[in-house]
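Chemist: Fold the following, please.
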Amino acid sequence: MKKIVLILLLITCGMYAQPNRSEKIKAIKTAYITEQLDLSSSEAEKFWPIYNEYEAKMLALRKNGRQEVYKKIRDGIDSMSDVEANQLLDKFLGFKAKELSNNQDLVSDLRKVLSPKKILKLKKVEEDFKKKLLERFKRRKNR
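Modeler: A predicted model of the protein is given here:
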């Protein structure tokens, strides 16, 4: 089953001449997670809406706020007043708290769908995927 899902996703990716990079990565990630977690069709049916909602929340959080905080940090910590630095720290901690809350919500929702071992494995699989993706980009860059 997992190989069929992987093949279908790869074929779907190949049907589009040049899909944007994030959509292509998302399709590959979907296939990778499905295969690595060995999701049954009924598990996948329940898992993906929950996971996709989580991913959308995290993307919005990164786009809407975290970038602002990191930009201000990159642009010049030395020129900030202590008041501005404290405000930025509070904002940063707020984003970290929201990330934690999103992770807690994900785990809570997934407990209704997957075994605890598969939920833990999901975290490992996500990290493995990120490492492989970074390695691939580094190899391409070094060509």
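Chemist: make it CA atoms for all contacts and neighbour counts henceforth
Modeler: Fine.
Chemist: Would you check how far apart the spatially most central residue of the chain and Arg139 are?
Modeler: Relative to the mean C-alpha position of the chain, the nearest C-alpha, by C-alpha atoms, centre = their mean, is the one of Glu55, at 5.5 Å. As judged by C-alpha to C-alpha, to the nearest Å, Glu55 and Arg139 stand 26 Å apart.
Chemist: Just the pLDDT at Lys2, thanks.
Modeler: pLDDT recorded at Lys2 is 56.
Chemist: ignore the last one, Ile25
Modeler: pLDDT, Ile25: 89.
Chemist: Going forward, the N-terminal residue is numbered 339.
Modeler: All set: I'll call the first residue 339, so the last point we hit is now Ile363.
Chemist: tally of neighbours for it?
Modeler: Ile363: 14 surrounding residues under other C-alpha atoms under 10 Å.
Chemist: and the host helix or strand of it, what other elements does it pack with?
Modeler: For Ile363, the host element (DSSP states H and E) is helix 359-375. When contacts are defined as 3 or more C-alpha pairs under 8 Å, 6 or more residues apart in numbering; DSSP states H and E, helix 359-375 packs onto helix 340-353, helix 454-479.
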